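Q: have a look; sequence and predicted model below, questions after that.
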Amino acid sequence: MYNRRKFLKISAAGASIIAVSKSAFAKSINKTTTPVLPIVISTWNFGIQANQEAWKTLSTGGRSLDAVEAGVKIPEADMKNHTVGRAGYPDRDGHVTLDASIMDEFGNCGAVAAIEYIAHPISVARLVMEKTPHVLLVGEGATQFAVEQGFKKEDLLTPESKAAWQEWLKTEKYAPVIDIENKQEVPGDHHNHDTIGMLAIDAKGNISGACTTSGMAFKLRGRVGDSPIIGAGLYVDNEVGGATSTGVGEEVIRNAGSFLVVELMRQGYSPEDACKEVVNRIIKKKPDTAKQIQVGFLAINKKGEHGAYAIQKGFQYAVCNQDTQDTLINGKSFYNL
């Protein structure tokens, strides 16, 4: 006889089975979607080598701040990279000027802009953060500070960069180019690469970021883009995540791009969706301009989930953790021309 007592026993057993099934399902979902920490991500294909250097620090339990500084120093020292560091193309007057910023898990930050004669601006930016009451030093003052801290002054205008500048002087045509390599309007080995932005989460779950560039080739003397501007080229909030940008810095500055990406993640956006929303805002404000330029954002949240989005196709970012050392991901874009 199917009485009430049997019914309750069967119901209880069924509920237990359902509960176990839900628990197993949840564990399965977490296993497949929870990112592996520590992790480091960075913009463009030269981010692979930069990430591998950062990983040396992260994999031994080191701090994310040390990792991002060490990582971005790799492209800064790359003599074939004409958009970051000591081999960067000069401004229209023949001066190589560099910009960089860094930010740690405590909200501390430092930056230098239009610094000359110093091969590793990211390390100067860190000392601005750690040894001064300021956030940003510029021009001759930044160079003076670097020398006082023991950095060696050197001529950064390489023979290859000088030759490219002299060729450019024949026409003196200045216009941001979406794809350098394909359009061949600016000589160089890397296309569309004007910045390395790096974000890392260490084993303790703390986030830091770094961004460094030589800026646009043959820019006006004194021009500074978004890379050294905290909240534009780089922003980190250890409770939420971090973001960095690449491309035409003027449009990033006008929209406080990286800060906005992080704030959108605070509201619940995924990293990719947050990047997409900011790109869409840039396009909405200046649709005609957006068709002619590239801007991309890269972001990571506190969980280690990451994503990117750009105006034009071609934006890539590199990922490194214990499972992968050289993954390169194609970011999504608004235009696919």
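A: Received it, and whenever you're ready, just let me know what you need. Remember, predicted model here, so these are calculated numbers, not experimental data.
Q: hmm, Glu251 is touching Thr289, no?
A: Yes - using Cβ atoms under 8 Å, Glu251 is in contact with Thr289, at 7.2 Å. (Glycine included, C-beta is placed from N, CA and C.)
Q: the closest residue to Arg86 other than its chain neighbours: neighbour count?
A: Of all residues not flanking Arg86 in the chain, Ala119 sits nearest, at 4.1 Å (Cβ to Cβ, 6 or more residues apart in numbering). Counted with other Cβ atoms under 10 Å, residues neighbouring Ala119 total 20.
Q: check contacts around Ala119.
A: Counting by Cβ atoms under 8 Å, 6 or more residues apart in numbering, Ala119 touches Glu76, Ala77, Gly85, Arg86, Lys152, Glu154, Leu156.
Q: one more: Cys109?
A: Here Cys109 is in contact with Ser101, Ile102, Met103, Met129, Val135, Ile230, Leu234 (Cβ under 8 Å, 6+ apart).
Q: hmm, 6 Å instead?
A: Residues in contact with Cys109 (Cβ atoms under 6 Å, 6 or more residues apart in numbering) are Met103, Met129, Val135, Ile230.
Q: which residues does the first one bridge with?
A: The residues listed as beta-bridge partners of Met103 by DSSP bridges are Cys109, Gly209.
Q: and what of Tyr317?
A: Using DSSP bridges, the bridge partners assigned to Tyr317 are Thr43, Ile329.
Q: please verify my assumption that it contacts Leu298.
A: Yes - Tyr317 is within contact range of Leu298, at 5.1 Å (criterion: Cβ atoms under 6 Å).
Q: okay, and the common contacts of the two?
A: Thr43, Ala308.
Q: quick one, phi/psi of Gly314?
A: phi 110, psi -10 (degrees, to the nearest 10).
Q: ranges for the strands of the stretch 201-337 of the chain?
A: 207-213, 234-237, 241-247, 295-301, 306-310, 316-320, 327-330, 332-333 (DSSP state E, counting those that start in this stretch).
Q: give me the buried positions along stretch 89-102.
A: In terms of neighbour count (16 or more other Cβ atoms under 10 Å), stretch 89-102 has its buried residues at Tyr89, Pro90, Asp91, Arg92, His95, Val96, Thr97, Leu98, Asp99, Ala100, Ser101, Ile102.
Q: the last one contacts Ala125, doesn't it?
A: Read that as Ile102. Yes - between Ile102 and Ala125 a contact is recorded at 4.8 Å, counting by Cβ under 6 Å.
Q: name the residues contacting each of the two.
A: With Cβ under 6 Å, 6+ apart as the test, Ile102 and Ala125 both reach Gly110.
Q: helix, strand or coil for the residue nearest to Arg86?
A: With DSSP: H, G, I helix; E, B strand; the rest coil as the basis, Ala119 sits in coil.
Q: pLDDT at it, what is it?
A: With respect to pLDDT, Ala119 scores 96.
Q: equivalent analysis for the one 3 residues further on, please.
A: pLDDT for Ile122: 98.
Q: and it, that one's in a strand?
A: No - judged by three-state DSSP, Ile122 forms no part of a strand; its state is helix.
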